[in-house]
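Visitor: Below is the structure, and that's it, no one-letter string:
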């Protein structure tokens, strides 16, 4: 149990598995909120826009079952976000998306009531698919620590513009060499985040904190069902473990290593679930 409150802002989607015709709730923000709750966070909330269709019903039902707070969400007239996924030669392959659906066309503008609600949490997580970039300055002014997932496809210019408003920065780099990853982490660190982390798939993860690199090997995978959500589950576990160390002016190397280990251990467990966190439904 962690005495930590985490709120996630931004993306919610259904992942449409075309090879099985099963849809699963997901999205970086949704996944991190659900994983935080499963890990025992004191509070876990999701804030974002839903469409008013079957996909929204599926995602909302899953979040309610996971006991994630939804009190600041909105329902809009339009299509929810979706992404199409298949397995090709055993590899998960992305086949396209509708760019967030109605949520992508109506970016959320945080107001004073949103900020008052979010100030109740220890940190807020969002990412590059959440359409929340312009709102980070409001969170910064309110003194709310921000975690941000740049995923695997954010451009250098995008990272340069967003990272100064971020305290915990994450990137996904499964194919790059460790030297290239470390160089990129140093670049991101120069924009101002407190800690920068790169997940590397089966190679584990690397963190950069105050000029020092820390590495954690991935955990062996058993009964692998689906790797969807592995990176998001790492983020949730890493953040909860790190924030549970309390407010320290300087984190220790042990703090970082414990957080990396928590991340890779939980990510390995997530790979035994279908979809990001289950709750699949058949579709035509």
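Guide: Cool, got the structure. As the structure is a prediction and not an experimental result, all values here were calculated from the model.
Visitor: Check the nearest residue to residue 136 once chain neighbours are set aside and give its pLDDT.
Guide: Take residue 136 and drop its neighbours on the chain: the residue closest to it by Cβ to Cβ, 6 or more residues apart in numbering is residue 165, 3.6 Å away. C-beta here means a position set from N, CA and C on the backbone, and glycine is covered the same way. As predicted, residue 165 sits at a pLDDT of 97.
Visitor: and residue 165, how many neighbours?
Guide: 19 (other Cβ atoms under 10 Å).
Visitor: Check residue 176 too.
Guide: Per other Cβ under 10 Å, the neighbour tally for residue 176 reads 15.
Visitor: hang on, it in a helix?
Guide: No - if the criterion is DSSP: H, G, I helix; E, B strand; the rest coil, then residue 176 is coil and not within a helix.
Visitor: ok, now which ones touch it?
Guide: By Cβ atoms under 8 Å, 6 or more residues apart in numbering, residue 176 lies in contact with residue 184.
Visitor: Distance-wise, check it relative to residue 203.
Guide: Distance of residue 176 to residue 203, given as Cβ to Cβ, to the nearest Å: 10 Å.
Visitor: What of residue 54?
Guide: Counting by Cβ to Cβ, the gap from residue 54 to residue 203 is 38 Å.
Visitor: next one: residue 232
Guide: Distance from residue 232 to residue 203, by Cβ to Cβ: 18 Å.
Visitor: and these two? which has more neighbours close in?
Guide: Taking other Cβ under 10 Å, residue 232 and residue 203 do not tie; residue 232 has more neighbours (31 against 17).
Visitor: Identify the spatial nearest neighbour of the more buried one, chain neighbours not counted.
Guide: Nearest one to residue 232, counting by Cβ to Cβ, 6+ apart, is residue 31 at 3.8 Å.
Visitor: So the spatially closest residue to residue 23 that is not a sequence neighbour: helix, strand or coil?
Guide: Nearest residue to residue 23, sequence neighbours excluded (Cβ to Cβ, 6+ apart): residue 14, at 4.5 Å. Under three-state DSSP, residue 14 falls in the strand class.
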